[in-house]
Structures are given as C-alpha cells and as structure tokens.
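> 3D, please:
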Amino acid sequence: MQIRNVAFIGTGIMGARIAGHLMDAGYDLTVYNRTREKAEDLLARGAHWADTPAKAAANADVVFTMVGYPTDVEDVYLATDGLIRAAKKGAWLIDLTTSSPQLARDIHDAAEVEDKHAFDCPVTGGEQGAIDGTLTLIIGAAEKDVAPVLPLLESFSSKRFFFDQPGGGQTAKLCNQVSLASCMVGYADALALAEQSGIDAEKVLEVMASGTGGSGASRTLAPKSLAGDYKPGFLVEHLRKDIALALQRSEDLDITLPGAETAFTLFDMLCQIGGSRMGTQALTLLYQEEGTCAAAGLDWSLLEAADDGEEHECCCGHDHGDGEHECCGGHGHHHGEGHECRCHDGEDA
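Below you'll find the predicted structure:
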C-alpha cells in the first residue's frame, strides 16, 4: 500500500508541529481541530480542512490523533461516527496521545475487527522536540508489524522504542511521566532550599548537573522556573492527567507509588489555584510567597474555599462535595473507570 493521504486530528501545542513535519515529508495532509484557528498555519501551507474527525479520516491512508484526555480518545475512535467506523479498510490509526493502556488495547482490537490497524504511540520530548522533529516515540506494537508507516514516524522523531503489544506504549509512557513528575518535585525542593538558605540557586543547578543530582527536568525546566518563565511547553493539567492514569494503573496492580502520589497532590493543587494552563515548571510557584504567586496569576483563596467545605467545581468540572477537592482521584480517591480527569477539553482546544 502506497501512503499518500494523511489525516491529523488535534493540532495543539505538539500536534501542529508534528503535522508540519509530515507535510515537510511530502504527505498530503487533512486536519481537524475543535478550534480551527490552531490549524491556520497548516492550512496556509496547503493542508486541507475537515469539519469532523470522520471527514478528515474518510480518504486517509494513515490517521494520527493527538488530543487531550482518554475520554477524548474514546470519543474520537469508538463513538458511532468515530474513526473505527469512518476510516477506510486497511487504514492505519495511530494515537499519539498519552492515554489509558486498556483503552489502547480496546481500540486496537476494535480496529482489527474492521480490517484496520490501530496502535498506541505516545511521544516524549516536549514542544522543542516537536519543533525539531526529534521526539521519542513509545510504540505499543512490534517494529515489523508497523513497517509500512515507519517512514511517517521517522519524519518527526529521532528515537523509537517498540513494546510489542497493544497498550505497551502507553504503559511505558506512564512510567516516564512518573519519573518526570518526581524529578520535578526534586528540583523544586532543591531550588526552594537554596533560595531560602540565601545561596545562588543557579550555581546549585550547575552542581546538580555535574553530579548525580541532576535530571532532564532540572536541565531543561529548572532554568525556566528560576527565570519566571511559565509559558507552557507541556501543560500542568496534562501532567496531572498522566500521573492520575499511572496511579489508576498502580491501583489495578495493588502497588503504591509514593513519589507519584506526592507529585499528583502538588500538581493538583497548582491546577486548583489557577495554574492548570501553565507550563509544568510553574510547580516552583507553590514554594513562593503569596504575592509572587498572585503576580503570576495564581489565587490561593481558591484552595482555601475548597478546604472550608464550600461547594465548588474543580478545574475538571467534577463536583467532589464534602470538601473533597483532589481531582482525578488523588490518593485516597478512586482512579478507576468513570472518573477520568477532564480539566480541559484537550490539548487541541
């Protein structure tokens, strides 16, 4: 099968960059996004617009999706007018969203019944990796089984890891996110200790980088934290969603992830006080004086109102009641089915 026509659904922070690389590689691209303006740059370059995901996929040999939450993935693929039914026979359906391993398995199985091929392919590398086309792909399939679409995947990535089974990519990505979140808490703690002790925090980062205390997070994100640059390369609410998915999986396996639980509590708190749309490096604001937080657009009174037991709606739109305010099933809450965090309609809104 010669691949000519490609559809891309979800042209948000990451998706638009990836779609651009596919165009650079010579593929004819059709795009859909809930907010058309986020696809305008691609349309100006010659991409075609579709009014629905189904219309985008109708003539596509390969369909990529990169949306926000598992509920979005489920709607896009498994709804009555979803991609499983709308895509043509033999089409490849590739989900780049970080989502649920079980949902990835369900989508794969449903696609095979319809003589289509679906696999999970979450990415890591952040916005800069998407810009540079050097993302790392975490693939829930064997390399030999996805050989026909490897040229497309290579157009926006520098590394590809194959986990040989549906949902394997999602599980591995959640492992990465658990480590990332804990590393971010680690560098936030370190910077707070340095600053409150009156020593040069930038030099502390240099010390960490020269020894074993550094991490990818401290190398790429901590300097932004120190500079007060909270522009999102990856949204706080999306990392919170990823940690919630990992905690849901840990409950399924009956294991405890104390580092992930701590990180979830902090990122959830940041969402509640108005930081859901900031970059994840805004975590360090939780360690700052209230005035500094207010200047950045955060409001601690939102958390106080929740603690007082007032009726409220957290940033996912769920009414937790009785003063409970940990969204997505924080520690002590259930992370299972039916309580997916949906703090925002998705990266492509």
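> could I get the full set of helices for the stretch 51-200 of the chain?
53-57, 70-78, 83-86, 101-113, 126-132, 150-154, 168-197 (DSSP state H, counting those that start in this stretch).
> now those as CSV including mean neighbour count?
Using the backbone N, CA and C atoms, a C-beta is placed for each residue, glycine as well. As requested, the helices of the stretch 51-200 of the chain are exported to CSV (neighbours: other C-beta atoms under 10 Å):
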stretch, mean neighbour count
helix 53-57, 23
helix 70-78, 22
helix 83-86, 22
helix 101-113, 19
helix 126-132, 17
helix 150-154, 16
helix 168-197, 20
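> ok, which of these comes nearest Leu247?
With C-beta to C-beta as the measure, helix 168-197 is the member of these nearest Leu247 (8.8 Å).
> give me the helices and strands touching that closest one, please.
Where contact means 3 or more C-beta pairs under 8 Å, 6 or more residues apart in numbering; DSSP states H and E, helix 168-197 is packed against helix 101-113, strand 117-120, strand 135-139, helix 201-210, helix 216-220, helix 222-227, helix 236-253, helix 258-270.
> out of the ones you listed, nearest to Asp61?
strand 117-120 (10.8 Å).
> which elements pack onto that closest one?
Strand 117-120 packs on strand 92-95, helix 101-113, helix 168-197, going by 3+ C-beta pairs under 8 Å, 6+ apart.
> any idea which of these gets closest to Ile138?
Taking C-beta to C-beta, helix 168-197 is the member of the helices and strands packed on strand 117-120 nearest to Ile138, at 4.4 Å.
> OK, contacts around Asp95?
For Asp95, the contact set (C-beta atoms under 8 Å, 6 or more residues apart in numbering) comprises 64-66, 73, 77, 104, 107, 118-122.
> out of the residues you listed, flag the one nearest to Ile131.
Of all the contacts of Asp95, Ile131 sits closest to Met66, with 14.7 Å by C-beta to C-beta.
> can you give me the neighbour number for the closest one?
30 (other C-beta atoms under 10 Å).
> ok, now how distant is it from Cys121?
10 Å (C-beta to C-beta, to the nearest Å).
> give the residues shared as contacts by these two.
By C-beta under 8 Å, 6+ apart, the residues touching both Met66 and Cys121 are 95-96.
> returning to that earlier point: for the helices and strands packed on strand 117-120, give me TSV that also has mean pLDDT and distance to Leu247.
Output for the helices and strands packed on strand 117-120, formatted as TSV (pLDDT from 0 to 100; distance: least, C-beta to C-beta, whole Å):
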stretch	mean pLDDT	distance to Leu247
strand 92-95	98	21
helix 101-113	97	13
helix 168-197	96	9
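> ok, what's across the strand from the residue nearest to Asp51 when sequence neighbours are not counted?
Spatially, and ignoring its direct neighbours in sequence, Asp51 is nearest to Tyr32 (7.4 Å; C-beta to C-beta, 6 or more residues apart in numbering). Per DSSP bridges, the residues bridged to Tyr32 are Ile9.
> now for Tyr32: which residues touch it?
Contacts of Tyr32 (C-beta under 8 Å, 6+ apart): 7-10, 39, 49-53, 55-56.
> narrow those residues to those that are buried.
Buried residues within the contacts of Tyr32, defined by neighbour count using 16 or more other C-beta atoms under 10 Å: 7-10, 39, 50, 53, 55-56.
> closest to Gly211 among the residues you listed?
Nearest member of these to Gly211, counting by C-beta to C-beta, is Gly10, at 39.6 Å.
> go ahead and confirm that closest one touches Val67.
Yes - if you go by C-beta atoms under 8 Å, Gly10 and Val67 touch, sitting 4.5 Å apart.
> quick one: buried residues of stretch 35-51?
38-39, 42, 47-48, 50.
> if you could redo that for stretch 112-119, that was the one I meant.
114, 116-119.
> which residues does the closest residue in space to Ile84 that isn't next to it in sequence contact?
Excluding the flanking residues, the one nearest Ile84 by C-beta to C-beta, 6+ apart is Ala110, at 5.0 Å. By C-beta under 8 Å, 6+ apart, the contact list for Ala110 reads 77-78, 84, 118.
> then Pro70?
97, 99-100, 103, 245, 340.
> give me the pLDDT for the residue of the chain positioned farthest from its centre.
Within the chain, Gly198 marks the point farthest from the mean C-alpha position, 35.6 Å out by C-alpha atoms, centre = their mean. pLDDT recorded at Gly198 is 96.
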